[in-house]
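*Asks:* Show me the folded form of this:
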Amino acid sequence: MSDTTLGLDEALRQYLLEVSVQEGPVALALREHTAALPEHYMQISPEQGQFFRMLIRLINAQRILEIGTYTGYSALCMAQAAGERARLVCCDVSVEWTDIAQEFWNRAGVRDRIDLRLAPALETLEQLREAGESGTFDFAFIDADKGNYWAYYEGTLELMRPGGLIAVDNTLWSGRVADPSEKEPDTVAIREFNQKLSEDARVQICLVPIGDGLTLARKC
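*Replies:* Below you'll find the predicted structure:
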């Protein structure tokens, strides 16, 4: 029994992965491929991917928005969980990284479910609103440049249906958000985002200590 969150040492985390992550061979191959890249730290953890699979299935998400796709692991997890009728809009600006994503999406047979938009995400959000898609998305994942987190959140919230779920990554930021002496711009941006979100009456929230911290915001 415990009245606090259990910390994970590496042995316990490996046990968690062994008994809970069901990612399949293509997702595993993509994760291992990305691990060799200099920017590998930008990929979500496998346990977080498994958590997304569960969330997608629990709310039967069919229309999904992702801001920050990198090499496509999170999108692959979500597309596989959502099924053949799903549509994912993925926003990124990197051809290099999303070329890797598309290779593995094709291998997994989910490429036709994914609408990849290579443009600044705020532009894509505006295009979706202008196309009349406000209030139509079931699930969204925000994991991009931290200084724009609040702008991404505002644009995404308008696109979500009532009851839709937004997941925001890196909200514990390796613990630096809890240290007032930390003044680095990304740390300040996430700290301010967390505070504003905690006061936002339009959503119900829960910050989950998985990966680098994942905040869930359910639109009221």
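
*Asks:* Please, which helix or strand holds the residue nearest to the spatial centre of the chain?
*Replies:* When Cα atoms, centre = their mean is applied to the chain, the residue found nearest the centroid is residue 141 (3.4 Å). In the assignment (DSSP states H and E), residue 141 maps to strand 137-142.

*Asks:* Kindly report the same for residue 47.
*Replies:* helix 46-58.

*Asks:* The following helix or strand past that helix packs against which elements?
*Replies:* For helix 46-58, the following helix or strand on the C-terminal side (DSSP H and E) is strand 63-67. On a contact count with 3 or more Cβ pairs under 8 Å, 6 or more residues apart in numbering; DSSP states H and E, strand 63-67 meets helix 73-82, strand 87-92, helix 121-130, strand 137-142, helix 149-159. All C-beta spots, glycine's among them, are computed from the backbone N, C-alpha and C.

*Asks:* What angle do strand 63-67 and the fourth one make with each other?
*Replies:* The directions of strand 137-142 and strand 63-67 differ by 20 degrees, with axes from the mean of the first three to the mean of the last three Cα atoms, to 10 degrees as the criterion.

*Asks:* now the last one
*Replies:* In this structure, helix 149-159 runs at an angle of 170 degrees to strand 63-67, with the same axes, to 10 degrees as the basis.

*Asks:* Next: the second one.
*Replies:* For strand 87-92 against strand 63-67, the angle by the same axes, to 10 degrees is 10 degrees.

*Asks:* Walk me through which strands strand 87-92 pairs with, and which way each runs.
*Replies:* Strand pairing for strand 87-92, determined by DSSP bridges: strand 63-67 (parallel), strand 114-118 (parallel).

*Asks:* thought the residue nearest to the centre of the chain was touching residue 69?
*Replies:* No. Checked against Cβ atoms under 8 Å, the pair residue 141 and residue 69 is beyond contact range at 9.3 Å.

*Asks:* Name the surrounding residues that touch stretch 49-60.
*Replies:* Outside stretch 49-60, the residues that touch it by Cβ atoms under 8 Å, 6 or more residues apart in numbering are 20-23, 27, 44, 61, 64, 73-74, 77-78, 80-82, 138-139, 141, 163-165, 167, 208, 210, 214, 216.

*Asks:* How about stretch 17-28?
*Replies:* Outside of stretch 17-28, the residues within contact range by Cβ under 8 Å, 6+ apart are 31, 46-47, 49-50, 53, 73, 76-77, 80, 104, 107-108.
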